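Novice: The following block contains a protein sequence and its predicted model.
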Amino acid sequence: MKKTALAAALGLSAMLVYGCSNDSKVDTATNEQPTATETQKDIISMDDIKAKALKEIEGGEVTSVEQDDKKGIRVYELDVVTNEVKYELTYDAHTGDLLKKEEERRDQTNNGDVATGDATKEFKVTEKQAKDIAMKKVGEGEISKFELDRSDQKYEIEIKTATMEYDVDIDANTGDIVKYKEDTRD
């Protein structure tokens with residue numbers, strides 16, 4: 001009886017040692033999920049994506065840029081307008097590949113933010129100035145959405161941190177903050 005119990009204990013010990021030794025050979029670095037910081041390093045900058053979009057749509061103007069997740073893929077969604085067409089482009093945020101391109105003829109009589117002629121109107125506050133104003137207000141984070149709303153003459157900017165999401169609207173003529181909202185991220 002003692003021999004059987006001893007043999008069973010030795011067999012169980014051998015299986016545990018074998019199992020543990022196999023687990024230690026697994027390279028955990030390749031099986032771990034990347035941290036938010038590591039993932040962010042792999043993402044193409046918003047400015048580089050805008051440059052790609054403007055190369056794709058010659059003579060266009062980027063009026064909106066948003067970073068989003070679509071079916072588990074980090075993407076940039078951009079609106080680019082010309083005098084005659086509004087384009088909606090979707091790029092892979094890691095590779096820069098163009099995933100989707102939609103175009104819509106612009107309404108010649110519409111007074112909305114896609115009306116013909118609006119694309120050439122200049123505002124006193126530049127895109128860079130609006131981004132700087134928003135970042136100064138928030139203090140930290142990454143711009144995840146940027147849009148020029150021509151009909152309301154304002155920049156709509158969304159900034160995200162690890163725990164917070166901020167919406168900042170900047171008057172495109174004066175540079176004043178016309179809306180500021182902060183929420184915790186879900």
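Specialist: Yep, it's here.

Novice: Which residues are in contact with K52?
Specialist: Remark: with contacts taken as Cβ atoms under 8 Å, 6 or more residues apart in numbering, K52 is in contact with 91, 96, 98. Quick note: C-beta positions are derived from backbone N, CA and C, even for glycine.

Novice: Could you give the bridge partners of M164?
Specialist: Taking DSSP bridges as the rule, M164 bridges to T184.

Novice: same check, this time on K145
Specialist: Listed by DSSP bridges, the beta-bridge partners for K145 are E66, E158.

Novice: from the contacts of K52, which would you call buried?
Specialist: For these, a neighbour count by 16 or more other Cβ atoms under 10 Å gives the buried set as Y91.

Novice: Let me see the ranges of the helices in the protein.
Specialist: When secondary structure is read from DSSP state H, the chain shows helices at 2-24, 28-31, 36-42, 46-56, 127-138.

Novice: Lowest mean pLDDT across the ones you listed, which one is that?
Specialist: Within the helices of the chain, confidence is poorest for helix 28-31, with a mean of 38 (mean pLDDT).

Novice: Which residue is the nearest non-sequential neighbour of M135?
Specialist: What sits nearest to M135 in space, not counting adjacent residues and going by Cβ to Cβ, 6 or more residues apart in numbering, is I159, at 7.0 Å.

Novice: I'd say the one you found and V138 touch.
Specialist: Yes - counting by Cβ atoms under 8 Å, I159 touches V138, with 4.9 Å between them.
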